[in-house]
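Chemist: for reference, the sequence and a predicted model appear below.
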Amino acid sequence: MEIHMFELSGLFGIILLALDIWALISIFSSGASTGSKVLWALLVIILPLLGFIIWLVAGPKSNRAAV
C-alpha cells in the first residue's frame with residue numbers, strides 16, 4: 001500500500017494543530033503575567049512549528065505541580 005505525500009502532510013498538520021492547541025491551553029493556564037501569555041500565544045499562532053518548539057524549551061510552565 002502506497003502512502004501519498006498529501007496524506008502525510010495532512011497527518012502532520014493535524015498533529016501540529018493538536019500540539020499548538022495544547023501549548024495555548026498550557027500558556028493560558030500558566031502563572032506568567034498577562035503580557036507574557038499574550039506574547040507566547042502570538043508566537044505559537046504566527047509561527048506554529050517554530051513557536052511550539054521555542055515554547056516547549058523556554059515557555060512558561062503550568063501551575064500544576066509536577067508528579
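Modeler: Cool, the structure landed.

Chemist: for stretch 33-49, the averaged confidence score.
Modeler: Regarding stretch 33-49, the rounded mean pLDDT is 94.

Chemist: then stretch 52-64?
Modeler: 79.

Chemist: center of this protein - which residue?
Modeler: By CA atoms, centre = their mean, the mean C-alpha position of the chain lies nearest to residue 20, the distance being 3.0 Å.

Chemist: output the particular helix or strand that has it in it as CSV - backbone C-alpha positions only.
Modeler: Assigned by DSSP states H and E, residue 20 belongs to helix 5-28. C-alpha atoms of helix 5-28 as CSV (Å, rounded to 0.1, in the frame of the first residue of the first chain):
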residue,chain,number,x,y,z
MET,A,5,2.7,12.9,0.4
PHE,A,6,-0.7,14.6,0.7
GLU,A,7,-1.8,12.1,3.4
LEU,A,8,1.5,12.5,5.3
SER,A,9,1.3,16.3,5.2
GLY,A,10,-2.3,16.2,6.3
LEU,A,11,-1.5,14.0,9.2
PHE,A,12,1.5,16.2,10.2
GLY,A,13,-0.8,19.2,10.0
ILE,A,14,-3.4,17.6,12.3
ILE,A,15,-0.7,16.6,14.8
LEU,A,16,0.8,20.1,14.7
LEU,A,17,-2.6,21.7,15.3
ALA,A,18,-3.2,19.4,18.3
LEU,A,19,0.2,20.3,19.8
ASP,A,20,-0.4,24.1,19.2
ILE,A,21,-3.8,23.9,20.9
TRP,A,22,-2.2,22.0,23.8
ALA,A,23,0.5,24.7,24.0
LEU,A,24,-2.1,27.5,24.0
ILE,A,25,-4.0,25.9,26.8
SER,A,26,-0.8,25.4,28.8
ILE,A,27,0.2,29.0,28.1
PHE,A,28,-3.0,30.5,29.4
